[in-house]
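>>> here is a sequence with its predicted model. Questions after.
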Amino acid sequence: MESGFDNYTVTDDHLMHITGMGKGKNGAKYYLVKNSWGTEKGEKGYWFLSEDFVKLNTIAILVHKNAIPAGIKAKLGLAQ
């Protein structure tokens, strides 16, 4: 079975900033995402994306080193 990346139904050509999480009326998890397209699109530049959409399209996650637990920092050799 081909993955979305292998058959080009999804691509890794755009970055977004996840700024929050919530649940819809049906209990489904959603992510509040700030897009770089400006405030003209979405909800003043923000979009609500389903958990499945985020899982399918996420290829990397970046966090500030202060958000990493000390034990993991030590394993990665990062300065405390």
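Received, thanks.
>>> can you point out the buried residues in stretch 15-32?
If you call a residue buried by 16 or more other Cβ atoms under 10 Å, then stretch 15-32 has these buried ones: 16, 30-31. In this view, the C-beta of every residue, glycine as well, is placed from N, C-alpha and C.
>>> just checking, residue 45 touches residue 38?
Yes: under the criterion of Cβ atoms under 8 Å, residue 45 makes contact with residue 38 at 5.9 Å.
>>> out of these two, which sits in the more crowded spot?
residue 45 (14 against 9; other Cβ atoms under 10 Å).
>>> and residue 72, its phi and psi?
Main-chain dihedrals, residue 72, degrees, to the nearest 10: phi -70, psi -40.
>>> report the contact partners of the nearest residue to residue 29 once chain neighbours are set aside.
Leaving aside its chain neighbours, residue 29 sits nearest to residue 51 (4.2 Å; criterion: Cβ to Cβ, 6 or more residues apart in numbering). For residue 51, the contacting residues are 28-31, by Cβ atoms under 8 Å, 6 or more residues apart in numbering.
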